[in-house]
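Participant: Starting from these lines, generate the structure:
(one chain, ligands or ions: 1)
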Amino acid sequence: MSDTTKQAPSPADVASVARPRPGAPGGAHTAGAAHTGTSADGLATPSGTVGSSGTAGSSGTSGRSASSSATPRSTSRTSSSHSTHGTDAGVDVREGVTGAQSLVLALEAVGCEVVFGIPGGAILPAYDPMLDSKKVRHILVRHEQGAGHAAEGYASATGKVGVCMATSGPGATNLVTPIADAYMDSVPMVAITGQVASGAIGTDAFQEADIRGITMPITKHNYLVTDAARIPQAIAEAFHVARTGRPGPVLVDISKDALQASTTFSWPPVFDLPGYRPVTRPHGKQIREAARLMAQARRPVLYVGGGVVRGHASEALRRLVALTQIPVVTTLMARGTVPDSEPLNLGMPGMHGTVAAVTGLQKSDLIIALGARFDDRVTGQLSSFAPDAKVIHADIDPAEISKNRTADVPIVGDVLEVVTELTDQVAADMKAAQSAEPQAAAAASAASAASWDFAEWRERVAGWKRSFPLGYTDSADGTLSPQYVIERIGALSGPDATYVAGVGQHQMWAAQFVRYERPNSWINSGGLGTMGFSVPAAMGAKVAEPERTVWAIDGDGCFQMTNQELATCVINKIPVKVAVINNSSLGMVRQWQTLFYGERYSNTDLQPTASRVPDFVKLADAYGCVGLRAETPEEVDDVIRQALAIDDRPVVIDFIVHRDAMVWPMVPAGVSNDMIQAARDEAPVWERED
Ligand SMILES: Cc1ncc(C[n+]2csc(CCOP(=O)(O)OP(=O)(O)O)c2C)c(N)n1
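Facilitator: Numbering: from 1, shown residues only. Sure thing, here's the model as predicted:
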């Protein structure tokens with residue numbers, strides 16, 4: 001390949017913008033908080049640092065040159081080489097460090113506690129100083145995909161930024177799947193990759209891959225750093241961007257020569273994110289309009305998505321539900337944000353949602369969408385989705401609003417602020433309606449048709465909940481039902497545990513049959529649907545919250561994609577519990593073959609039922625885990641209890657379940673949600689309820 005087909009980036013290319021999500025650096029913004037003073041990250045933002053260092057103006061384009069932006073304070077803090085200066089102003093300057101040392105210092109400074117990764121040639125310089133860090137723990141995984149999912153699990157359990165690290169070329173490309181996964185599910189993550197030396201970029205050098213180019217469509221923002229002096233800034237910005245606005249993955253690719261070069265570490269660095277101002281404050285007029293529509297509605301439904309979990313708005317949402325008494329559905333990503341014990345919770349909408357949730361949305365006259373994106377798995381055929389409903393749509397990402405379904409009241413803002421302000425507004429409106437003179441109230445009420453009385457609608461929805469509860473039939477031959485296994489895991493482990501699923505039938509049953517009572521207790525790959533997610537993500541969740549019981553509920557297909565991370569768990573004393581729902585097949589695909597391909601099972605049998613290749617109990621044993629097996633309903637509680645009692649190493653339970661169980665209810669892909677089937681050949685008879 002000729003040199004002309006690939007361009008080596010100039011130093012000025014450093015820190016430039018990839019394909020930002022609206023709301024991300026360089027994206028379109030209409031309003032929002034400017035970076036002033038110290039941000040919630042504890043990082044000084046441009047106006048703060050520029051002002052204090054007296055280098056005003058260096059945060060703009062001139063900040064792209066190393067001399068002006070990366071060492072803004074070194075002149076006034078210069079001392080002997082290799083020296084450290086902690087100052088009363090909180091400025092930390094260290095001279096004579098390598099770029100790699102600067103990277104580790106920056107990770108420490110942003111509060112990074114753990115990095116999941118694997119070394120290799122290009123990133124090797126960074127691994128040396130990592131050895132000496134007292135603050136950053138590195139966990140050596142077995143596959144970079146595991147590092148990425150572990151970072152996601154860590155982030156999803158806590159809301160903190162998860163960090164993964166890999167070398168150039170194949171190390172970096174192995175991170176592509178978790179980066180895409182984090183992008184789809186808005187997981188705050190920073191991926192750090194080594195790159196070949198800057199002079200070799202574009203020459204097809206050994207282990208060269210343009211990871212920045214590859215990940216452009218699947219990162220919120222990304223960097224190629226070829227100048228050691230820019231490393232702290234790139235790390236600080238990456239963490240800030242990953243966790244603010246709509247969270248997401250940020251890639252920092254650092255060339256080997258930048259890691260090896262001598263530089264000055266200076267903290268806090270100057271930010272250079274001129275276009276990045278996520279709108280967090282919702283517009284008061286829109287909030288008032290939303291409250292007005294809610295008051296006038298007769299059949300409203302709160303449609304709650306993963307944004308509410310990521311936005312730490314669960315508590316606030318519970319107050320809104322309590323005040324308005326509006327029925328609520330929580331998407332796959334939002335399970336737990338409203339407790340399952342809440343009578344108004346109708347469960348999950350969508351392809352495998354509950355009849356009450358799917359029908360509640362379908363028959364509603366007002367949908368209040370909070371941090372949800374009208375995903376095709378929720379809407380089914382979009383043109384026939386909730387035909388009578390007006391829509392209030394609140395999201396931090398303006399690009400989501402009216403993307404799939406037109407919003408009557410669009411609200412851009414941080415979901416916590418939106419929900420809090422909406423609750424206040426509704427409370428004020430209710431109070432005003434109550435305290436008004438009876439005559440005036442009657443007139444006002446007649447004029448606006450406001451009532452806040454949804455009792456009739458609640459009764460109707462409750463009827464669907466009663467008539468079509470989630471359920472399953474036991475297998476005719478007495479073999480184990482997967483739903484029963486999952487139900488028992490949830491019942492015996494309780495709501496304090498964290499449940500992490502793979503992708504497939506077991507994922508849907510885990511969403512349906514575990515009772516979730518708290519946000520972040522349910523972690524899964526919703527948007528991308530990534531097989532192999534659960535074991536490494538559970539590992540990350542357990543590292544984040546070592547005191548919690550963490551279950552990976554996995555399929556036998558998914559488990560075989562990433563179970564090598566059990567070695568990581570054993571060696572690093574991360575005692576996760578793995579329930580393999582072993583139906584000896586790629587169950588979800590098989591279900592579609594049963595329903596839509598005339599029971600022709602092309603390439604979905606992972607093994608003949610009795611063959612046990614591999615034997616998961618022996619595999620667990622080989623990794624140093626405890627391996628258990630259950631094949632009958634009578635054995636289930638016993639193995640779960642044994643697993644719960646073991647806390648010094650991972651446990652793997654091989655649950656041999658029957659392979660013909662199917663996930664119900666189901667709305668077949670691409671059809672109206674009116675076509676929901678509660679079970680095979682069993683569609684609800686709507687006329688009766690209507
Ligand atoms: C990486 C990846 N490859 C393929 C798929 C397509 N797919 C979705 S579910 C599924 C079967 C999963 O089988 P298993 O893990 O055994 O779970 P089960 O459905 O049997 O519970 C497949 C192949 C996917 N989602 N991800």
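Participant: and the residue in the stretch 401-550 of the chain that the ligand sits nearest to, what does it touch?
Facilitator: Going by CB to the nearest ligand atom, the ligand is nearest to residue 504 of the stretch 401-550 of the chain, at 2.4 Å. The way it works is simple: take the backbone N, C-alpha and C, and place the C-beta from them, glycine included. Contacts for residue 504 (CB atoms under 8 Å, 6 or more residues apart in numbering) come out as 531, 555, 557, 558, 586, 587, 588, 589.
Participant: ok, and of the residues you listed, which contact the ligand?
Facilitator: 531, 555, 557, 558, 586, 587, 588, 589 (CB under 6 Å from any ligand atom).
Participant: hang on, the first one is in a strand, isn't it?
Facilitator: No. According to DSSP: H, G, I helix; E, B strand; the rest coil, the state of residue 531 is coil, so it is not within a strand.
Participant: quick revisit: could you list which of the ones next to the ligand among the contacts of residue 504 belong to helices?
Facilitator: 557, 558, 587, 588, 589 (DSSP state H).
Participant: Let me have the residues you listed in a markdown table, adding pLDDT and neighbour count as columns.
Facilitator: A markdown table is the format used below for these (pLDDT from 0 to 100; neighbours: other CB atoms under 10 Å):
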| residue | pLDDT | neighbour count |
| --- | --- | --- |
| 557 | 98 | 25 |
| 558 | 98 | 27 |
| 587 | 97 | 27 |
| 588 | 97 | 23 |
| 589 | 98 | 17 |
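Participant: I'd like the residues you listed laid out as CSV, including distance to residue 266.
Facilitator: Converted to CSV, those look like this (distance: CB to CB, whole Å):
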residue, distance to residue 266
557, 49
558, 45
587, 54
588, 51
589, 53
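Participant: Need the distance between the two termini of stretch 167-182.
Facilitator: Start-to-end span of stretch 167-182 (CA to CA, to the nearest Å) is 19 Å.
Participant: which of the residues in that stretch are buried?
Facilitator: Judged by neighbour count (16 or more other CB atoms under 10 Å), stretch 167-182 contains these buried residues: 167-169, 171-182.
Participant: likewise stretch 643-653?
Facilitator: Within stretch 643-653, the residues that count as buried by 16+ other CB under 10 Å are 643, 644, 649, 650, 651, 652, 653.
Participant: for the chain, which spans come out with low pLDDT?
Facilitator: The chain contains residues with pLDDT under 70 at 1-89, 436-450, 683-690.
Participant: and it, which residues reach the ligand?
Facilitator: 502-506, 529-531, 555-558, 581, 583, 585-589.
Participant: Can you name every helix or strand that the longest helix along the chain contacts?
Facilitator: As assigned by DSSP H, the longest helix anywhere in the chain is helix 415-435. Judged by 3 or more CB pairs under 8 Å, 6 or more residues apart in numbering; DSSP states H and E, helix 415-435 is in contact with helix 284-296, helix 306-310, helix 314-324, strand 366-370, strand 390-395, helix 438-448.
Participant: Now tabulate those in JSON lines and tack on mean neighbour count.
Facilitator: Below are these laid out as JSON lines (neighbours: other CB atoms under 10 Å):
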{"stretch": "helix 284-296", "mean neighbour count": "18"}
{"stretch": "helix 306-310", "mean neighbour count": "28"}
{"stretch": "helix 314-324", "mean neighbour count": "19"}
{"stretch": "strand 366-370", "mean neighbour count": "26"}
{"stretch": "strand 390-395", "mean neighbour count": "25"}
{"stretch": "helix 438-448", "mean neighbour count": "11"}
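Participant: Output these in JSON lines, with distance to residue 359 appended to each entry.
Facilitator: Converted to JSON lines, the helices and strands packed on helix 415-435 look like this (distance: least, CB to CB, whole Å):
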{"stretch": "helix 284-296", "distance to residue 359": "20"}
{"stretch": "helix 306-310", "distance to residue 359": "22"}
{"stretch": "helix 314-324", "distance to residue 359": "19"}
{"stretch": "strand 366-370", "distance to residue 359": "13"}
{"stretch": "strand 390-395", "distance to residue 359": "17"}
{"stretch": "helix 438-448", "distance to residue 359": "28"}
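Participant: How far off centre is the host helix or strand of residue 236?
Facilitator: Using DSSP states H and E, residue 236 sits in helix 231-243. Distance of helix 231-243 from the chain centroid (CA atoms, centre = their mean, to the nearest Å) equals 19 Å.
Participant: thinking again about what came up before, mind picking the two most distant members of the ones in helices among the ones next to the ligand among the contacts of residue 504?
Facilitator: 558 and 589 (12.0 Å; CB to CB).
Participant: Of all the helices and strands packed on helix 415-435, which one is nearest residue 537?
Facilitator: Nearest to residue 537, of the helices and strands packed on helix 415-435 and by CB to CB, is helix 306-310 at 14.6 Å.
Participant: Distance from the longest helix of the chain to the middle of the chain?
Facilitator: In terms of CA atoms, centre = their mean, the centre of helix 415-435 is found 29 Å from the chain centre.
Participant: before we move on, what about stretch 457-464?
Facilitator: 32 Å.
Participant: ok, and for it, which residues are buried?
Facilitator: 457, 458, 460, 461, 464.
Participant: which residues are in contact with it?
Facilitator: With CB under 8 Å, 6+ apart as the criterion, stretch 457-464 contacts 298-300, 325, 327, 343-344, 346, 355-356, 359-360, 684, 689.
Participant: can you tell me which of those residues lies nearest to the ligand?
Facilitator: Looking across the contacts of stretch 457-464 and measuring by CB to the nearest ligand atom, the closest to the ligand is residue 355, at 21.9 Å.
Participant: Please tell me how far that closest one sits from residue 347.
Facilitator: Separation of residue 355 from residue 347 (CB to CB, to the nearest Å): 9 Å.
Participant: Residue 613 now?
Facilitator: 37 Å.
Participant: So for the two, which sits in the more crowded spot?
Facilitator: residue 347 (22 against 8; other CB atoms under 10 Å).
Participant: So what does that one look like in phi/psi?
Facilitator: Dihedral angles of residue 347 (phi, psi; degrees, to the nearest 10) stand at phi 100, psi -160.
Participant: Surely it is in contact with residue 330?
Facilitator: Yes. Between residue 347 and residue 330 there is a contact at 7.3 Å, judged by CB atoms under 8 Å.
Participant: where does residue 388 land in three-state SS?
Facilitator: On the basis of three-state DSSP, residue 388 is classed as coil.
Participant: ok, now residue 575?
Facilitator: Going by three-state DSSP: residue 575 is coil.
Participant: which ones are touching it?
Facilitator: Taking CB under 8 Å, 6+ apart as the criterion, residue 575 is in contact with 542, 569, 646, 647, 648, 649, 650, 651.
Participant: Please narrow the residues you listed to those residing in strands.
Facilitator: Counted as lying in strands by DSSP state E, out of those, are residue 651.
Participant: contacting residues for residue 430?
Facilitator: 323, 452.
Participant: measure it to residue 582 for me?
Facilitator: 53 Å.
Participant: With residue 369 instead?
Facilitator: 38 Å.
Participant: Double-check that residue 94 belongs to a strand.
Facilitator: Yes. Membership of residue 94 in a strand is supported by three-state DSSP.
Participant: how about the longest helix of the chain: buried residues?
Facilitator: Residues of helix 415-435 classed as buried: 415-423, 425-426, 429-430, 433 (neighbour count, 16+ other CB under 10 Å).
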